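Enquirer: Please work out how this folds:
(one chain, ligands or ions: 1)
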Amino acid sequence: MRTKIFNSILFDPQSDLHLKPVEILIEGDIIAEIAESVDKSADQTIDAKGAYVSAGWIDIHVHCYYDPNNLGLHADTVGCKTGVVCVCDAGSAGHSNLDDFYQSVKDQKTIVKSFINIASTGLAYKAELRDPANVDVAKTIEKIREYPNFIVGIKVRASASVMGEDTDTPFIKAREAAKATNKPIMVHYGNKPPLMEDVLQYLHRGDILTHCFHGKPNGVLNEDDKIKELVWTKRKEGLLFDVGHGNESFSYEKGKKAHDCGFDADMISTDAHRQSFPVPVSSLANVLSKMLEIGYSLEEVIACVTSRPAQYLDMRDEFGHVSKGGKAHLTFFKVDPTPVTVVDSSRKEILLNRQILTQGCMISGEYLEVE
Ligand SMILES: [Zn+2]
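Expert: Okay, the predicted model is just below:
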């Protein structure tokens, strides 16, 4: 099956054709050709209607374990139906329910990956780290080895509502599993204890701190609205910072103040789940639009959901670039100049002067329109 995409503008700063009008020929699930004009016949054509075509978007923090005991949405609801090609579930399942989670998502059109929760039960029980017996490193390592491509990292939720008195052991155990499997740790942090400073001591190069601009007191900014010294040090060491918008984890004001200090997120994600979707998080595009309004460039926000997650989660073979011979995972989007009012996690209104809107996506050569 040959598909030709026409009337599109390539959005891939790594390519010589970046921002040029292009035609893309797909053969099966592979990109066979990209050029200003492709002079080959195809079985079907897709009119991109002047949209940008970028590498397929990756949302590294969602919840898509659709189960009565969990808070997940269907992967396609937050994935392909919003123009997102790949979603990473952030800790909804631990080693004891990972098989069930995998079975529940394997037939979704959206490509799903998982950060396995260091707590055995994942989020089926919301104070999952209160009882130290709910962590089993050996079984977690075994599960990661059983699903080497599906599991991309290990999730630890570090906040007062989740952990018990002992806020150190879960990190020590997660590190043990991370070292044995060469996977990064993603940490959710919120209200203390533990203090963010205590969390940071356990995190190293390649690990991810999600909810980096939450509006709670325990954040990346000091009282004088400057980025904490330790946060700069950790960034220099290679710790990664992710937005993870969620229901109560993104303050537009904090994100803006951090940007004014020269501190931008490395990655942008929704933390979409049943309580954060559709308000305040309606889509990954909506979160990107908020970051654009803060002052991030279009190149930067797109890198935050394409090349960077592909690099940091070791998925460069399949994601992060639009190139000949690469997998046909693409996202089609436009920048609409019509102003619109949205809200952040504090339900504070934000006027967006322009909005990123997705039109569709292609997953392994199959085009899917945004619903
Ligand atoms: Zn989450």
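
Enquirer: Return the residues in contact with residue 269.
Expert: By CB atoms under 8 Å, 6 or more residues apart in numbering, the residues touching residue 269 are 59-62, 88, 210, 242-245, 284, 287, 305. C-beta: built from backbone N, CA, C; applies to glycine.

Enquirer: Which of the residues you listed fall in strands?
Expert: Among the contacts of residue 269, the members falling in strands are 59, 60, 61, 62, 88, 210, 242 (criterion: DSSP state E).

Enquirer: For residue 35, see how far away the last one is.
Expert: Residue 242 is 35 Å from residue 35, where distance means CB to CB, to the nearest Å.

Enquirer: Show me which residues of the worst-scoring helix or strand of the chain on mean pLDDT are buried.
Expert: Ranked by mean pLDDT, DSSP states H and E, the weakest helix or strand in the chain is helix 196-200, scoring a mean of 94. Using 16 or more other CB atoms under 10 Å as the test for burial, helix 196-200 gives 196, 198, 199, 200.

Enquirer: So between residue 242 and residue 35, which is more surrounded?
Expert: residue 242 (27 against 15; other CB atoms under 10 Å).

Enquirer: Name the nearest of the ones in strands among the contacts of residue 269 relative to residue 278.
Expert: Within those, proximity to residue 278 (CB to CB) peaks at residue 62, which comes in at 13.3 Å.

Enquirer: can you list the residues of this structure near the ion?
Expert: 90, 271 (CB under 5 Å from the ion).

Enquirer: check contacts around the residue positioned nearest the centre of the chain.
Expert: The geometric centre of the chain, computed from its C-alpha atoms, lies nearest to residue 60 (CA atoms, centre = their mean), at 2.1 Å. Counting by CB under 8 Å, 6+ apart, residue 60 makes contact with 88, 90, 186, 208, 242, 267, 269, 309, 313.

Enquirer: what about it, distance to the ion?
Expert: According to CB to the ion, to the nearest Å, residue 60 and the ion sit 10 Å apart.

Enquirer: What residue in this structure comes nearest to the ion?
Expert: residue 271 (4.3 Å; CB to the ion).

Enquirer: per-residue confidence for that residue?
Expert: Reported pLDDT at residue 271 in the predicted model: 98.

Enquirer: and what of residue 142?
Expert: Looking at residue 142, its pLDDT is 98.

Enquirer: can you check the one 4 residues further on too?
Expert: As predicted, residue 146 sits at a pLDDT of 98.

Enquirer: For it, grab phi and psi.
Expert: phi -70, psi -30 (degrees, to the nearest 10).

Enquirer: what about it, neighbour count?
Expert: Neighbourhood size, residue 146 [other CB under 10 Å]: 13.

Enquirer: Same question for the one 3 residues further on.
Expert: Applying the criterion other CB under 10 Å, we find 9 residues in the vicinity of residue 149.

Enquirer: and if you look at residue 225?
Expert: By other CB under 10 Å, the residues close to residue 225 number 12.

Enquirer: and it, backbone torsions?
Expert: Taking degrees, to the nearest 10 as the convention, residue 225 sits at phi 60, psi 30.

Enquirer: where does it sit relative to residue 259, distance-wise?
Expert: The value you get for residue 225 to residue 259, if CB to CB is used, is 11 Å.

Enquirer: all helices of this protein, in order?
Expert: Taking DSSP state H to define them, one finds helices in the chain at 75-78, 98-105, 137-146, 169-181, 196-200, 229-237, 252-260, 284-294, 298-303, 307-312.

Enquirer: The residue of the chain closest to the ion and residue 244 touch, don't they?
Expert: Yes: under the criterion of CB atoms under 8 Å, residue 271 makes contact with residue 244 at 4.4 Å.

Enquirer: what sits in contact with each of these two?
Expert: Listed contacts common to residue 271 and residue 244 are 61, 90, 210, 211; contacts here mean CB under 8 Å, 6+ apart.

Enquirer: Closest one of those residues to residue 126?
Expert: Closest approach to residue 126 among the shared contacts of residue 271 and residue 244 (CB to CB): residue 90, at 14.2 Å.

Enquirer: domains of the chain?
Expert: Following automatic domain parsing, one finds the domains of the chain at 2-54+323-369, 57-312.

Enquirer: Deepest-packed of these, please.
Expert: domain 57-312 (a mean of 21; mean count of other CB atoms under 10 Å).

Enquirer: first to last residue in it, what's the distance?
Expert: Using CA to CA, to the nearest Å, the end-to-end distance of domain 57-312 comes to 14 Å.

Enquirer: and it, how far out from the chain's middle?
Expert: Its chain's C-alpha centre lies 8 Å from the corresponding centre of domain 57-312 when counted by CA atoms, centre = their mean, to the nearest Å.

Enquirer: now stretch 350-360
Expert: On the basis of CA atoms, centre = their mean, stretch 350-360 sits 18 Å off its chain's mean C-alpha point.

Enquirer: Name the residues that touch that stretch?
Expert: By CB under 8 Å, 6+ apart, stretch 350-360 touches 48-49, 51, 57, 82-84, 252, 283, 285-286, 288-290, 292-293, 298, 301, 331-344, 367-370.

Enquirer: redo that, cut-off 7 Å
Expert: Residues from elsewhere that reach stretch 350-360 (CB atoms under 7 Å, 6 or more residues apart in numbering): 51, 82-83, 252, 285, 288-290, 292-293, 331-344, 367-370.

Enquirer: Select from those residues every entry located in strands.
Expert: Assignment to strands by DSSP E places the following of the contacts of stretch 350-360 there: 331-336, 340-343, 367-369.

Enquirer: Output the residues you listed as TSV; include the columns pLDDT.
Expert: Shown next, in TSV, are these (pLDDT from 0 to 100):
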residue	pLDDT
331	99
332	99
333	98
334	98
335	98
336	98
340	97
341	97
342	97
343	97
367	98
368	98
369	97
